[in-house]
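A.B. asks: sequence? don't have it. structure:
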């Protein structure tokens, strides 16, 4: 058994840089190279691609990136795990096998099967959406369960050099390698929680090595930013680093931002193999660009998988054009509304239904800030006009009527960005839970199928669930105030239609003041322009190990992913907005920050 295992992550999403894999293979001294390509939005896009071409539906980037590295992977005995298979993992494996054959490199490729529930969807009964309780739509274009790590670990045990999966939880590509190498039990939940945390921290690639970091000015050499490596010990503790000489930055704050990213309840981060508690995790600097991580705890998982289905819900069209000059914001508002009013009248004359949804954003007027925007005097804005309708024909008419604004409406409109806008099917996400027994997990290797038995379940006693932690209260009176960004770093992201904002103080002593000011009610008020007026709400949790707060903004993304008409459908800018809120503090703290 090895003393440590080194795992590097070369992709955070479908479309990430093509340079990371070579950087890690050449300078990472790796045992494993992993790639994460899938998000809810990605599955929607892949489902649409497979509708047009039965051989599509996987991340072709994976083949392009891996092909030139195949000889080095074989020579260095670096094993590869990736969810690049999307909704068509066998087509992905076939493409990679062809690349191996052409390069003359003999690598054993395994495919994990069992996440695709589309063929048996009609046999499933009693399904309701896990958040809203809505019934299953009449037609879904993809239905995939989030599998865990056991199937990948079994493929590694069978001798696979490369494991390609469909939908698995993002961290499983790391957890499986660690369980396989160290021989951990599937009931050793604390180690599984540490493994999941290692996977979670590196699954978004450079987001833990300085990418998307609040203090972006401190991050050197974006052009050659280093991608992350975790070096994990047999007890589950690990060190986060990056290749020597690469750009970027690894500190407790860069790693902490990523730990809080998109986790929801940090005491109950639900995965198919373990329920994780990250509240007592400690992050310690271990020299330059290295952070030691320990303290994750685990509890038994449930007997269910989360399933993400995608379904069509009409059509969408987005038009963008620049308008410049005096009173650009007012001109843009009038032009936008005039286009909507004119086309709405044309729909009515033809007996068509009205728009299902309209979203007008004037980029450059601080539209994403809602009532907190301050730039009403901008002399150039981009009109972003997004609409939804049940009929493609109606949106084709809309797309043709945009151009008339250039000569028949306000001055300074300088053209439509990208030409005439295109009409696309609108794909929505439908999430539900299903018994694990509904999925038949198998490994396909060299044309042979191997079964994979799931670990036996330990019943989780509700008494074992930890009580929520309460943050400390300030001990002295506040008589000044500073912007949150001076006291903390923050990052935001999405899960379906919900957004997560993690806030990590720059110093532990700042936490009581931040917690006193940033109550859920205050965040609701500050972010009310993005929250659904009926179903929007905010939850907050405290993580004493890192003195951090985590917020979940439910129903805050206008449908989320490709279903949202907003310029920020994944809430990526939400943390930036929250960082401007004023936090009351003692004068002594305010003076330190001047």
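C.D. replies: Noted; the coordinates are in hand. As the structure is a computational prediction, the values presented were derived from the model and not from experiment. Numbers count the residues shown, from 1 in each chain.

A.B. asks: how about the strands of the stretch 1-150 of the chain, start to end?
C.D. replies: Along the stretch 1-150 of the chain, counting by DSSP state E, counting those that start in this stretch, strands occupy 4-9, 32-35, 79-82, 109-113, 142-145.

A.B. asks: Then the stretch 451-594 of the chain?
C.D. replies: Along the stretch 451-594 of the chain, the segments classed as strands by DSSP E, counting those that start in this stretch run 480-483, 488-495, 498-505, 537-543, 548-554, 582-585.

A.B. asks: which of the strands of the stretch 1-150 of the chain has the lowest average pLDDT?
C.D. replies: Ranked on mean pLDDT, the bottom entry among those is strand 142-145, at a mean of 92.

A.B. asks: Quick one: list the elements packing against that strand.
C.D. replies: With contacts defined as 3 or more CB pairs under 8 Å, 6 or more residues apart in numbering; DSSP states H and E, the packing partners of strand 142-145 are helix 40-52, strand 304-324. In this view, the C-beta of every residue, glycine as well, is placed from N, C-alpha and C.

A.B. asks: would you list the ones you listed in TSV and tack on mean pLDDT and mean neighbour count?
C.D. replies: Rendered in TSV, the data for the helices and strands packed on strand 142-145 read as follows (pLDDT from 0 to 100; neighbours: other CB atoms under 10 Å):
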stretch	mean pLDDT	mean neighbour count
helix 40-52	79	20
strand 304-324	93	21
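
A.B. asks: Using a markdown table, lay out these together with distance to residue 257.
C.D. replies: Supplementary listing: the helices and strands packed on strand 142-145 in a markdown table, determined by distance: least, CB to CB, whole Å:
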| stretch | distance to residue 257 |
| --- | --- |
| helix 40-52 | 21 |
| strand 304-324 | 25 |
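
A.B. asks: one step back: quick one, which of the strands of the stretch 451-594 of the chain gets closest to residue 118.
C.D. replies: Evaluated over those, closeness to residue 118 peaks at strand 488-495, with 22.0 Å, by CB to CB.

A.B. asks: Show me the one of the strands of the stretch 451-594 of the chain that comes nearest residue 43.
C.D. replies: Among the strands of the stretch 451-594 of the chain, strand 488-495 comes nearest to residue 43, with 13.2 Å by CB to CB.

A.B. asks: I'd like to know which elements that closest one is packed against.
C.D. replies: Using 3+ CB pairs under 8 Å, 6+ apart: strand 488-495 touches helix 252-260, strand 498-505, helix 574-578.

A.B. asks: do you know which of those lies nearest residue 80?
C.D. replies: Taking CB to CB as the criterion, helix 252-260 is the member of these that comes nearest to residue 80, at 22.3 Å.

A.B. asks: Who are the packing partners of the closest one?
C.D. replies: The criterion is 3+ CB pairs under 8 Å, 6+ apart, and the helices and strands that helix 252-260 contacts are helix 189-202, strand 282-285, strand 291-294, strand 488-495, strand 498-505, strand 548-554.

A.B. asks: what's the most buried one of those?
C.D. replies: Of all those, helix 189-202 has the most neighbours on average by mean count of other CB atoms under 10 Å, namely a mean of 27.

A.B. asks: quick check: mean pLDDT across that one?
C.D. replies: Confidence over helix 189-202, taken as the mean pLDDT, stands at 98.

A.B. asks: Relative to whichever helix or strand comes after that helix, what are the paired strands and their orientations?
C.D. replies: Using DSSP states H and E, the helix or strand that follows helix 189-202 towards the C-terminus is strand 229-233. The pairing partners recorded for strand 229-233 under DSSP bridges are strand 4-9 (antiparallel), strand 238-241 (antiparallel).

A.B. asks: right, so of those strands, which gets closest to residue 52?
C.D. replies: With distances scored as CB to CB, the stretch of these nearest to residue 52 is strand 4-9 (30.2 Å).

A.B. asks: Distance from the chain centre to that closest one, please.
C.D. replies: Relative to the chain's own centre, strand 4-9 is displaced by 21 Å; criterion: CA atoms, centre = their mean, to the nearest Å.

A.B. asks: What residues does residue 184 make contact with?
C.D. replies: Contact criterion CB atoms under 8 Å, 6 or more residues apart in numbering gives 178, 191-192, 195 as the residues in contact with residue 184.

A.B. asks: Can you give me the distance of it to residue 274?
C.D. replies: Between residue 184 and residue 274 the distance, using CB to CB, to the nearest Å, works out to 11 Å.

A.B. asks: hmm, back to that, can you check which of the helices and strands packed on strand 488-495 gets nearest to residue 485?
C.D. replies: Comparing those by their distance to residue 485 (CB to CB), the top pick is helix 574-578, with 8.7 Å.

A.B. asks: elements contacting the closest one?
C.D. replies: strand 488-495, strand 498-505, helix 520-526.

A.B. asks: Recalculate using a threshold of 6 Å.
C.D. replies: In terms of contact count using 3 or more CB pairs under 6 Å, 6 or more residues apart in numbering; DSSP states H and E, helix 574-578 is assigned the packing partners strand 488-495, strand 498-505.

A.B. asks: next one: it to chain centre, how far?
C.D. replies: Averaged C-alpha coordinates place helix 574-578 at 16 Å from its chain's average position (CA atoms, centre = their mean).

A.B. asks: what does the average pLDDT come to for stretch 375-383?
C.D. replies: Taken as a whole, stretch 375-383 has an average pLDDT of 88.

A.B. asks: List the buried residues for that stretch?
C.D. replies: The neighbour-count check on stretch 375-383 (16 or more other CB atoms under 10 Å) flags 378, 380-383 as buried.

A.B. asks: centre of the chain versus that stretch, how much separation?
C.D. replies: Averaging C-alpha coordinates over stretch 375-383 and over its chain gives two centres that are 30 Å apart (CA atoms, centre = their mean).

A.B. asks: What is the neighbour count of the closest residue to residue 538 other than its chain neighbours?
C.D. replies: Nearest non-adjacent residue to residue 538, counting by CB to CB, 6 or more residues apart in numbering: residue 520, 4.3 Å away. By the criterion of other CB atoms under 10 Å, residue 520 has 14 neighbours.

A.B. asks: can I assume residue 520 is in contact with residue 540?
C.D. replies: Yes - when contacts are counted by CB atoms under 6 Å, residue 520 is listed as touching residue 540 (5.0 Å).

A.B. asks: Disregarding residues adjacent in the polypeptide, which is nearest to residue 342?
C.D. replies: Sequence neighbours aside, residue 401 is the residue nearest to residue 342 in space, at 6.5 Å (criterion: CB to CB, 6+ apart).

A.B. asks: Quick check: that neighbour vs residue 361, distance?
C.D. replies: According to CB to CB, residue 401 and residue 361 sit 19 Å apart.

A.B. asks: In terms of packing, which of these two has more residues around it?
C.D. replies: Comparing residue 401 with residue 361 by neighbour count (other CB under 10 Å), the higher total belongs to residue 361, at 21 against 14.

A.B. asks: you'd agree the more buried one is up against residue 370?
C.D. replies: No - with contacts counted by CB under 6 Å, residue 361 stays clear of residue 370, the gap being 10.5 Å.

A.B. asks: okay if I get the helices and strands packed on helix 574-578 as TSV plus distance to residue 43?
C.D. replies: Conversion of these to TSV gives the following (distance: least, CB to CB, whole Å):
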stretch	distance to residue 43
strand 488-495	13
strand 498-505	17
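
A.B. asks: In a markdown table: those strands, plus mean pLDDT.
C.D. replies: Shown next, in a markdown table, are the helices and strands packed on helix 574-578 (pLDDT from 0 to 100):
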| stretch | mean pLDDT |
| --- | --- |
| strand 488-495 | 95 |
| strand 498-505 | 97 |
